[in-house]
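In: Below is the structure, and that's it, no one-letter string:
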């Protein structure tokens, strides 16, 4: 969420940013929030003036009472009563306007970085660099679901009976591989100086509103019936929410965390034959990295974090490439994002395995996360990036690594 003062003073910049994100339907929001902000500030001035008059009259009442001028004192008390009624009406109106203003402000996308390429969708994302040689072996690579089936490692039929489509049982060596990869990812990030965390797997609606846009929430989140709780779609949600309403010491920055969690997501629509294996499932597990830092350090951390993902997959001998996400492919809270994609020799193409994002102070503003510095308090910047996601990506590894080498790894 943007600073209303910034919107007020940079209306055309905010509108141009909306156009760059191809969200012209939101252009009217800029004028609406400026109008609401003006109404709110007018009410605040009226309220301040009434409170000032009330204080003056209250002093007069005290003086009149000391002079035993009861009749005039009672008339002044009636004036105070009338002022209190007016203040009550103003405060109710101000509360309603503030609520409407915030809801509309939360729909206005964050200002993207000047380096972000302009494009309507992910087809305009720009390749930055390749790491490793994307080879295709001279033998046929089996589909990952066939590999898992050969190892008796997956039972989606039984999961369908217990939970419905989009769930699974992992069994034997595949379950061991799943656990081993999470442990490796955890220790990989600990070696980078990150602190390991296991967060709550449910969060309240005010945290959800703080970490993501309404569109993302509707597309992703599962709501717990009759509870103000949502199942998390990623541990980033819990980890950023951990600092809600807090003022951290500047000396504690940067805060670097790596968190494990199961992730629960709605997956809507048809996605072809790849659904047969471990794709488009409603539940998987992930190791995440989250950073809170000073604004001026955010871009340095952004570059470190996507490089960690590249290093992680290259340590598994998986060829990867990086893509600069275009403006239309960025979620509303994101300032800049880089996708890391791994090479699939079976499909003869790259597929996403990570997406590193810097969100500026958008999440911090929504959740009131500040740092205490020498010159006062300020909003921190937040960044996130998955280390690895399972089981959604365990199938990706099985198809992206050399099948013979992978079979050896599983046997070991």
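Out: Structure's in. What do you need? Quantities reported herein were computed from a predicted structural model and do not represent experimental measurements.
In: so what's the backbone phi/psi at residue 139?
Out: phi -130, psi 160 (degrees, to the nearest 10).
In: Check the gap between it and residue 153 for me.
Out: For residue 139, the distance to residue 153 (C-beta to C-beta, to the nearest Å) stands at 22 Å. C-beta here means a position set from N, CA and C on the backbone, and glycine is covered the same way.
In: Low-confidence regions, the stretch 301-412 of the chain specifically.
Out: Counting by pLDDT under 70, the ranges of the stretch 301-412 of the chain that qualify are 390-412.
In: Same question for the stretch 1-150 of the chain.
Out: By pLDDT under 70, the stretch 1-150 of the chain has no low-scoring segment.
In: just to revisit the earlier point, neighbour count winner among residue 139 and residue 153?
Out: residue 153 (24 against 9; other C-beta atoms under 10 Å).
In: Can you name the residues that contact the more buried one?
Out: 170-175, 177 (C-beta atoms under 8 Å, 6 or more residues apart in numbering).
In: so what does the helix or strand hosting residue 342 touch, helix or strand wise?
Out: Following DSSP states H and E, one finds residue 342 within strand 336-344. Packing partners of strand 336-344 (3 or more C-beta pairs under 8 Å, 6 or more residues apart in numbering; DSSP states H and E): helix 298-314, strand 320-324, strand 349-358, helix 394-400.
In: same for the first one, what does it pack against?
Out: Going back to what we said before, that points to helix 298-314. Using 3+ C-beta pairs under 8 Å, 6+ apart as the contact criterion, the elements in contact with helix 298-314 are helix 172-190, strand 283-293, strand 320-324, strand 336-344, strand 349-358, strand 381-390.
In: ditto for the second one
Out: When contacts are defined as 3+ C-beta pairs under 8 Å, 6+ apart, strand 320-324 packs onto strand 126-131, helix 298-314, strand 336-344, strand 349-358.
In: Now the very next helix or strand once past the first one: buried residues?
Out: The one in question is strand 126-131. Next along the chain after strand 126-131, taking DSSP H and E as the criterion, comes helix 144-150. For helix 144-150, a neighbour-count test (16 or more other C-beta atoms under 10 Å) marks 144-145, 147-149 as buried.
In: about what we covered before: and the contacts of residue 153, which are buried?
Out: Applying 16+ other C-beta under 10 Å to the contacts of residue 153, the neighbour count classes 170, 173-174, 177 as buried.
In: Output the buried residues of helix 144-150 as CSV; include the columns distance to residue 9.
Out: Listed next are the buried residues of helix 144-150 as CSV, based on distance: C-beta to C-beta, whole Å:
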residue, distance to residue 9
144, 53
145, 55
147, 58
148, 57
149, 61
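In: Could you single out the nearest of those residues to residue 378?
Out: The closest of these to residue 378 turns out to be residue 144 (C-beta to C-beta; 47.0 Å).
In: quick one on the thing from earlier: pick out the most distant pair among the buried ones among the contacts of residue 153.
Out: Using C-beta to C-beta, the pair of the buried ones among the contacts of residue 153 lying farthest apart is 170 and 173, separated by 9.6 Å.
In: where in the stretch 151-300 of the chain is pLDDT low?
Out: 268-277, 279.
In: Could you rerun that using 80?
Out: Along the stretch 151-300 of the chain, segments meeting pLDDT under 80 span 213-219, 267-280.
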